[in-house]
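In: Give me a 3D structure for the following:
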Amino acid sequence: NISVGIGLAVLGMVIFNVGLTYGLAKLGGQSGGLVPGAFAAIAGVPGSPLYNFALGILIAALFAWILGFGATLAEPALNALGLTVENLTNGAFRKSTLMLAVSVGVGCGIALGVTKIIFNIPIAYLLIPGYLFALGLTWLSTEEYVNVAWDSAGVTTGPITVPLVLAMGLGIGANIPGVIGGFGILALASVGPILTVLTVGLIVNRTAEGIAAHEEDEI
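Out: Coordinates of the predicted model:
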């Protein structure tokens, strides 16, 4: 049984690595290289820019959000984290709620990261306010939601999100004049789920307290 398990695990990792190399990484690089054609003139997109600057930026950010949202939902670690959280909170914080909150946060962080690359914004201007806001929400939240929220940022280092997002960021940065690289997307993607999970945790906590108070009044 051990030999069969090890063999299947190795086979699965080999197949996953092939898909990662020829699928996700290529998808991120190619899409990232073509997305700037929505708002800037690049060689790979005939007739670019396809839209005016403001609409093109909005489309690029929306594309990045959808890409980040979908990649996060596909992360195996997020599914395991959701089950653990649902058990720890006795069903108050459902797995589907956590997965949705983390995915939305990562998507928003990646969209903000793409905007940061396009406008060449110093990353400190975005990270410092984000983490200060996260610290404020941490002070307002209870311990279990704080632990879950800060741990959920680790989903951005998963085997699906990292190659896809990094390839997209590098592709965008390489096709925008004056931009060096595409770094900073994962850093912003990490603070996004912290903010969304803490916010949802506060809502869940307040809702549970309201239900308990209502039940006490009825008694």
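In: show me what contacts the residue nearest to residue 174 when sequence neighbours are not counted?
Out: Closest residue to residue 174 apart from its sequence neighbours, by CB to CB, 6 or more residues apart in numbering: residue 33 at 6.7 Å. Glycine gets a C-beta too; all of them are placed from N, C-alpha and C. Residue 33 is in contact with 42, 44, 171, 172, 174, 175, counting by CB atoms under 8 Å, 6 or more residues apart in numbering.
In: Helix or strand: which one has the fourth one?
Out: Going back to what we said before, that points to residue 172. For residue 172, the enclosing helix or strand under DSSP states H and E is helix 161-174.
In: ok, the most centrally placed residue in the chain to residue 197 distance?
Out: Residue closest to the mean C-alpha point of the chain, counted by CA atoms, centre = their mean, is residue 106 at 1.9 Å. As judged by CB to CB, to the nearest Å, residue 106 and residue 197 stand 11 Å apart.
In: same deal with residue 102?
Out: Relative to residue 197, and taking CB to CB, residue 102 is found at 6 Å.
In: what touches both of these two?
Out: Contacts common to residue 102 and residue 197, judged by CB under 8 Å, 6+ apart, are residue 152.
In: ok, residue 157 to residue 68 distance?
Out: Separation of residue 157 from residue 68 (CB to CB): 14 Å.
In: re the thing from before, hang on, isn't the residue nearest to the centre of the chain packed against residue 189?
Out: Yes: contact criterion CB atoms under 8 Å: residue 106 and residue 189 qualify, at 5.0 Å.
In: Now for these two: what residues contact both?
Out: When CB under 8 Å, 6+ apart defines a contact, the residues bordering residue 106 and residue 189 alike are 68, 156, 161.
In: For PyMOL, write the select line for the buried members of the residues you listed.
Out: Selection command for PyMOL covering only the buried members of the shared contacts of residue 106 and residue 189, criterion 16 or more other CB atoms under 10 Å:
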select buried, resi 68+156+161
